[in-house]
Structures are given as C-alpha cells and as structure tokens.
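Colleague: turn this into a structure:
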Amino acid sequence: MKFISKLLVLPLISILMASLVTLSCFGSELDSKLKNNTPYGAHLNITNQSDLESKRSTNNLSSTLTTEQNKGVLIVKVTTLNGEHGMNTSSDFTVNIHANGPVPDIFKGNTSGTVVRLSMGMYSVTTSSTPHYNSSFSNDCNGGIMKVETKYCNIVIAYSKSE
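Modeller: Take a look at the predicted model:
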C-alpha cells in the first residue's frame with residue numbers, strides 16, 4: 001500500500017513542479033509587460049531615455065579615450081638628404097602606415113616627427129617614390145607593436161642621381 005501511494009504522489013509532484021516553472025516564466029514576462037504599460041512606467045522610460053542618451057555620449061567619449069590610450073605609438077621622422085643637386089624636402093614625400101587601425105594612416109613627411117597611434121599587431125611603413133631618391137628605414141619602421149609601446153621610425157631619403 002505504501003508503495004502504491006508513493007507511485008501516485010510522484011506524478012503529482014512532477015505536475016506541481018512543472019506548473020511552478022511555467023508560472024515563474026510567465027510571471028516575469030507579465031511583470032515586465034505591466035511595468036511598461038503603466039503611465040508611471042512610460043514616464044520613467046522617457047526620463048530613462050534621455051538619461052540613456054546622456055550616458056551613451058559619455059560612454060562613447062570614454063570608450064574613444066580608452067581606445068586611443070590602448071594603442072601603441074609610432075613616431076615617424078623623415079629626413080631628406082639632397083646633396084648638391086636635390087631640391088625636395090621631407091614634406092614632398094608621402095608616408096603610408098600599414099597596420100591595424102593606424103591614425104593617421106597617410107601623411108606628409110616631416111623632420112620633427114609625426115605621432116601615429118596603432119592597434120596592437122604587426123605594422124610597416126612605406127614612402128612614396130620619387131625619381132632619383134632612395135629611402136632607407138630604421139629597424140622600428142616595421143615589426144610588431146604592443147598597445148602600451150612607443151617606437152621610433154626614422155626614414156632617410158637621399159638624392160642619388162649621378163651627374
């Protein structure tokens with residue numbers, strides 16, 4: 001007899017457990033619908049929307065700052081050696097940065113250096129070619145960079161036409 005009563009109780013318990021799970025699922029959905037349909041909830045949503053937009057703009061600014069702070073720095077200096085016959089200056093040459101998200105990625109060369117921010121990874125630096133000028137690059141003009149690292153790329157562009 002005890003065995004039969006246990007057999008009857010087990011299905012009853014499983015039905016009750018299934019009902020509780022169903023109620024808890026529908027209950028949370030019902031709670032969220034009730035909150036959103038009340039005038040008070042609607043007023044809160046408008047207030048929260050403006051708060052949310054304010055937070056978004058603040059978060060975008062801070063994420064931009066954080067993104068810039070998490071980039072490596074490459075300082076690129078371009079020196080031009082004209083000898084007796086060359087006429088070009090460093091700004092006559094275009095520097096290209098090949099990397100993950102370089103800022104800037106293309107710029108005019110200068111002797112004081114251009115600060116380039118790079119995402120972590122491999123990079124290389126190239127220059128535009130001009131007849132009778134040869135470019136030489138320091139070791140840090142290509143390779144890998146970490147997000148908190150600073151490297152210095154020195155490019156020397158020399159006039160080499162024989163007269």
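
Colleague: for Ile145, give me its contacts.
Modeller: The neighbourhood of Ile145, defined by CB atoms under 8 Å, 6 or more residues apart in numbering, consists of 72, 74, 99, 118, 120-121, 123, 151. Any C-beta I mention is one placed from the backbone N, CA and C, and that applies to glycine too.

Colleague: need the pLDDT of it.
Modeller: Ile145 carries a pLDDT value of 96.

Colleague: need phi/psi at it.
Modeller: Torsion angles at Ile145 (phi, psi; degrees, to the nearest 10) stand at phi -140, psi 140.

Colleague: and it, what are its bridge partners?
Modeller: With DSSP bridges as the criterion, Ile145 is bridged to Gly121.

Colleague: that older thread, ok, of the contacts of Ile145, which come out buried?
Modeller: Buried residues within the contacts of Ile145, defined by neighbour count using 16 or more other CB atoms under 10 Å: 72, 74, 99, 118, 120, 123, 151.

Colleague: now do the helices in the chain.
Modeller: If you assign secondary structure with DSSP state H, the helices in the chain sit at 2-37, 39-69.

Colleague: which stretch in those is the model least sure about?
Modeller: Mean pLDDT is lowest for helix 39-69 out of the helices of the chain, coming in at a mean of 47.

Colleague: Serialize the contacts of Ile145 to TSV and add fields for pLDDT.
Modeller: Below are the contacts of Ile145 laid out as TSV (pLDDT from 0 to 100):
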residue	pLDDT
Gly72	95
Leu74	97
Ala99	96
Leu118	95
Met120	93
Gly121	95
Tyr123	98
Lys151	98
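
Colleague: closest one to Asn142 out of those residues, please.
Modeller: Top of the list for closeness to Asn142, among the contacts of Ile145 and by CB to CB, is Tyr123 at 6.6 Å.

Colleague: tell me who's in contact with the closest one.
Modeller: Taking CB under 8 Å, 6+ apart as the contact definition, Tyr123 lies against 74, 97-100, 102, 142-145.

Colleague: which residues touch Ser128?
Modeller: Remark: with contacts taken as CB under 8 Å, 6+ apart, Ser128 is in contact with 93-96.

Colleague: just put those in JSON lines and tack on distance to Ile106 and neighbour count.
Modeller: What follows is the contacts of Ser128, written out as JSON lines (distance: CB to CB, whole Å; neighbours: other CB atoms under 10 Å):
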{"residue": "Phe93", "distance to Ile106": "11", "neighbour count": "20"}
{"residue": "Thr94", "distance to Ile106": "6", "neighbour count": "15"}
{"residue": "Val95", "distance to Ile106": "7", "neighbour count": "25"}
{"residue": "Asn96", "distance to Ile106": "5", "neighbour count": "13"}
